[in-house]
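*Asks:* kindly generate the corresponding structure for this input.
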Amino acid sequence: GAEPAHHRRPACRRHPAAPHPTRPQRHASASANRPLPHLGDGVVRFGPPPRIFRRQDTDSDKILIFAWNPFSVSTGRISARFERIRLRVRPSPSRTRHNAYAMEFFNRIITHYGWEGTALAGVLLVMFGIQLYYYLFVYGRIPKYKDTRRPEILSETPPVSVVIPLFSEDYAFVEEILPLIVAQEYPDFEVVIVYVGRDTDFYDDLVRIKQSFPQITATKIELNPRFPISPKMALNVGIKSAHYEHLLFTTPDVYPTSDRWLSLMANGFRRGEIVLGYCGMERGKGFANYLIRTWRMMHSVDWISSAVCGRPYRGMRQNYGFTKRLYFGANGFSHLNMNIGEDDLFMSRIIAPGNVSVVLSPRATLREKSWGGLKWWIGTQRFFGGAIPFYPLWVKNFIQWELGSRILFWLAAIVALAVMPWEFKIAAGVLLLARFAIVLVEARRISRRLGEEKICGRYFLYDLLSPFFALLLGLLLLRKDERVWR
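*Replies:* Numbers count the residues shown, from 1 in each chain. Take a look at the predicted model:
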């Protein structure tokens, strides 16, 4: 019989095809057997011209052109397949039109304002975007944060030991602050006071107070000028003297604002082995006190927002806590050659996103007494700022990007208002007003959550002056502070 169709050889010049016995032979044109051009993939194709098919890719706006060639010889085998002989990118008319409009728009801006004005507009918009990111998506998570979303690791609130180091004969603490701590509404707690000094009468008074308040435990460390005692050593003695596993730490110059402080902080241990709380400055008279209070709140927002976003790196030495298991598991405090670092450098060793509970409530906020004006405050910030060079790089970048973007935004806006045309000035003014409105709204929400009062009325002045204080503090930190090192 006749040879099956699929066994026939392809028509080519070297091997002409035999005529079919029953089917009449068609007269092919001269171009029918013309070889197709080489397509660059190592495959030689013969036969009649292929049939062309067009298809538009809906995902990428590309026109795909295919050819159906039933006579395709590849490596000695006969195969009939679709062959993609050309790929031509043809953007949609709407996209082409939009690209043309965009190019024309940018060309007009560059022609009208020059490269300097275009670069200034870019800096203004980028810094504005960074500011919005911080205040809306980072700081803005603080007012709506709920610690109850975290899973519980304890079924009930545990007994707590409150450790307070005392480095002087502070009768104001004994008479005013200690009664507020002892009067907290919590069923099972103790107050461990570590007195560092040589006044025997004062220590005897602490021991006699225990007769009236059995929750108090007093421990004494004899002060020797030849062997100075650091806060870490005092806290270490207090931790070993505590009877309970869960520990809270504070200082003798802060006081609770409600009788629920201890219960709220202890409740945080149900969802984490580390508890972070907030401590604000005591409200007083004068503009200096306002700057101090606002500085404390906004700089605490850095580490609070980072902890809320799942990247904690420190706490506040006036209001934080952890368990004995974490403390002894890390072999105690780190950086023993420094008089600071128990709330940041040590905490960065034991802290993790899964073991931190952040307690944000006006009733869980403590207040620190103010002992001076701006000079005292700058000196205090310089002392405790000695630990900043030892922070991880991402922490320093996180802190500095907000301040740096704010400074660049103000400088770009000032230049635009000073030298650019009127329409540029209007745009810069709109960005200034929009940023300040957003910052003011977020600062108001944060202050309510943290229990701060009378913050937003003069916040514009703090927003302008705080970069100068930050630069001054940065210059002071370049010089080594002997008080930091042992």
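
*Asks:* tell me where the stretch 151-300 of the chain has helices.
*Replies:* If DSSP state H, counting those that start in this stretch is used as the criterion, the helices of the stretch 151-300 of the chain fall at 171-172, 178-182, 200-212, 231-241, 261-268, 287-308.

*Asks:* is it possible to get TSV of those that adds mean pLDDT?
*Replies:* Formatted as TSV, these follow (pLDDT from 0 to 100):
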stretch	mean pLDDT
helix 171-172	92
helix 178-182	95
helix 200-212	90
helix 231-241	95
helix 261-268	96
helix 287-308	95
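
*Asks:* can I get the ones you listed in TSV including mean neighbour count?
*Replies:* All C-beta atoms are positioned from the backbone trio N, CA, C, and that covers glycine. What follows is the helices of the stretch 151-300 of the chain, written out as TSV (neighbours: other C-beta atoms under 10 Å):
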stretch	mean neighbour count
helix 171-172	10
helix 178-182	18
helix 200-212	13
helix 231-241	19
helix 261-268	23
helix 287-308	20
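
*Asks:* compare the ones you listed and give me the one nearest Ala413.
*Replies:* Taking C-beta to C-beta, helix 287-308 is the member of the helices of the stretch 151-300 of the chain nearest to Ala413, at 20.4 Å.

*Asks:* which other helices and strands does the closest one contact?
*Replies:* Here helix 287-308 is seen to pack against strand 274-276, strand 279-281, strand 356-358, helix 374-384, helix 393-419, helix 422-450, helix 459-477 when contacts are counted using 3 or more C-beta pairs under 8 Å, 6 or more residues apart in numbering; DSSP states H and E.

*Asks:* low-confidence ranges in the stretch 301-450 of the chain?
*Replies:* Per-residue confidence of the stretch 301-450 of the chain (counting by pLDDT under 70) places no residue in a weak region.

*Asks:* give me the three-state assignment for Tyr313.
*Replies:* Tyr313 carries the three-state label coil when classified by DSSP: H, G, I helix; E, B strand; the rest coil.

*Asks:* where's it relative to Leu276, distance?
*Replies:* With distances defined as C-beta to C-beta, to the nearest Å, the gap from Tyr313 to Leu276 amounts to 11 Å.

*Asks:* might one say that Ala413 is in contact with Leu431?
*Replies:* Yes: the pair formed by Ala413 and Leu431 meets the contact definition of C-beta atoms under 8 Å, at 6.9 Å.

*Asks:* overlap in contacts, the two.
*Replies:* Taking C-beta atoms under 8 Å, 6 or more residues apart in numbering as the criterion, Ala413 and Leu431 both touch Leu124.

*Asks:* these two: which is more packed in?
*Replies:* More crowded of Ala413 and Leu431, by other C-beta atoms under 10 Å: Ala413, with 22 against 19.

*Asks:* and the helices of the stretch 151-300 of the chain: which comes nearest Ser361?
*Replies:* The stretch from those with the least distance to Ser361 (C-beta to C-beta) is helix 261-268; that distance is 5.7 Å.

*Asks:* let me see the contact set for the residue most central in space within the chain.
*Replies:* The centroid of the chain falls nearest to Ser306 when counting by C-alpha atoms, centre = their mean (4.6 Å). For Ser306, the contact set (C-beta under 8 Å, 6+ apart) comprises 138, 312-313, 395, 398.

*Asks:* let's go with 7 Å and repeat that
*Replies:* 312-313, 398 (C-beta atoms under 7 Å, 6 or more residues apart in numbering).

*Asks:* swap in Tyr134?
*Replies:* With contacts taken as C-beta under 7 Å, 6+ apart, Tyr134 has the following neighbours: Glu402.

*Asks:* assign it to helix, strand or coil.
*Replies:* Using three-state DSSP as the criterion, the local structure at Tyr134 reads helix.

*Asks:* tell me the pLDDT of it.
*Replies:* Looking at Tyr134, its pLDDT stands at 96.

*Asks:* looking at the helices and strands packed on helix 287-308, which is closest to Thr250?
*Replies:* strand 279-281 (8.1 Å).

*Asks:* out of the contacts of Ser306, who's the most crowded?
*Replies:* Comparing the contacts of Ser306 on neighbour count, Pro312 comes out first with 22 neighbours (neighbours: other C-beta under 10 Å).

*Asks:* any chance of the helices of the stretch 151-300 of the chain in TSV with distance to Gly332 as columns?
*Replies:* Below are the helices of the stretch 151-300 of the chain laid out as TSV (distance: least, C-beta to C-beta, whole Å):
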stretch	distance to Gly332
helix 171-172	31
helix 178-182	25
helix 200-212	25
helix 231-241	6
helix 261-268	23
helix 287-308	23
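
*Asks:* tell me which of those sits nearest to Pro151.
*Replies:* When these are ranked by distance to Pro151, counting by C-beta to C-beta, first place goes to helix 261-268 at 13.5 Å.

*Asks:* distance from the chain centre to that closest one, please.
*Replies:* Relative to the chain's own centre, helix 261-268 is displaced by 26 Å; criterion: C-alpha atoms, centre = their mean, to the nearest Å.

*Asks:* who are the packing partners of it?
*Replies:* The elements that helix 261-268 packs onto, with contact taken as 3 or more C-beta pairs under 7 Å, 6 or more residues apart in numbering; DSSP states H and E, do not include any helix or strand.

*Asks:* contacts for that helix, please.
*Replies:* Applying C-beta under 7 Å, 6+ apart, the set of residues contacting helix 261-268 from outside is 147, 157-158, 160, 184-186, 189, 248, 275, 277, 321, 357, 359, 361, 363-364, 366.

*Asks:* list the buried ones in stretch 456-465?
*Replies:* When neighbours are counted by 16 or more other C-beta atoms under 10 Å, the buried residues of stretch 456-465 are found to be 456, 459, 462-463.

*Asks:* what do you get for stretch 448-456?
*Replies:* Judged by neighbour count (16+ other C-beta under 10 Å), stretch 448-456 contains these buried residues: 449-452, 455-456.

*Asks:* from these, which two are the most distant?
*Replies:* Of all pairs drawn from the buried residues of stretch 448-456, the greatest distance, 14.1 Å, lies between Gly451 and Cys456 (C-beta to C-beta).

*Asks:* determine the number of other residues adjacent to the closest residue to Phe424 other than its chain neighbours.
*Replies:* Leaving out its chain neighbours, the residue that sits closest to Phe424 by C-beta to C-beta, 6 or more residues apart in numbering is Ala416, at 5.6 Å. Neighbour count for Ala416, taken as other C-beta under 10 Å: 23.

*Asks:* ok, Ala416 touching Trp422?
*Replies:* No: if you go by C-beta atoms under 7 Å, Ala416 and Trp422 don't touch, sitting 10.9 Å apart.

*Asks:* give me the element Phe328 is part of.
*Replies:* In this structure, Phe328 sits in helix 324-329 according to DSSP states H and E.

*Asks:* so for the helix or strand just after that helix, what gets flagged as buried?
*Replies:* Past helix 324-329, heading to the C-terminal end, the next element that is a helix or strand (DSSP H and E) is helix 347-350. By 16+ other C-beta under 10 Å, the buried positions in helix 347-350 come out as 347-348, 350.
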